[in-house]
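**Student:** Mind folding the following:
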Amino acid sequence: MKSLYSFASSEEKKAEELAAGGAATQETDAVCGGNPPTSGDDWVELLVREVLQSSGTDDAKVRAARVLEALEKMLSARAREEAGNKFQEEKVAVQQQVETLVKDNTVLKRAVAIQHERQKALEDANHQLGLLKQLVPQYQEKLRNLEVNNYALRMQLQQVEHGNSMPARFNPDVF
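**Tutor:** Numbers count the residues shown, from 1 in each chain. Here you go, the predicted structure:
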């Protein structure tokens, strides 16, 4: 009987503690839900008030646990919100950096294309210059031959003008 009575008593105590805990939760929710404390001092005040309003040690533990749970939830929510905001800010910053890098990349690609065109034009000009340098000796040789022929023709013309040893009438078969 005693064990049965103690079992029933312990069950009643647990039910009372749960009811007291539910009341503490409702009180904490009422205090925190509408206007949660904003500073550490406000949370300490709430915790002390809840402990002082408790009816016993177990009730004080339950109330303190509820206040600390509310504090933990609030801190977790704030940390998530701050992390989300920070992530969003970092995302925007990274997107701006990516846009800047894409623009820089486009400019660099265009600069490389222009540089490639200029390099190709320079190579073509150098190739043409090489071909012309190869033709210079040939034309110099032709020029010397023409100068020699011109000199020879001038000498012949001078001989003809100064001493016309040929008859006035030319033999068409000779020339």
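**Student:** what's the pLDDT at the spatially most central residue of the chain?
**Tutor:** In the chain, the C-alpha closest to the average C-alpha coordinate belongs to Val98, at a distance of 3.0 Å (C-alpha atoms, centre = their mean). Per-residue pLDDT puts Val98 at 96.
**Student:** and if you look at Gln128?
**Tutor:** 96.
**Student:** Now for it, how many residues are close by?
**Tutor:** Applying other C-beta atoms under 10 Å, we find 10 other residues in the vicinity of Gln128. (Each C-beta comes from the backbone N, C-alpha and C, glycine too.)
**Student:** Please identify which helix or strand holds it.
**Tutor:** With elements taken from DSSP states H and E, the one containing Gln128 is helix 57-162.
**Student:** I'd like to know which elements that helix is packed against.
**Tutor:** Contact analysis of helix 57-162 by 3 or more C-beta pairs under 8 Å, 6 or more residues apart in numbering; DSSP states H and E lists helix 2-34, helix 40-53 as its packing neighbours.
**Student:** mean pLDDT lowest for which of those?
**Tutor:** Least confident of the helices and strands packed on helix 57-162, judged by mean pLDDT, is helix 2-34 with a mean of 49.
**Student:** thinking again about what came up before, and the residue nearest to the centre of the chain, how close does it get to Lys91?
**Tutor:** The spacing between Val98 and Lys91, counted by C-beta to C-beta, to the nearest Å, is 10 Å.
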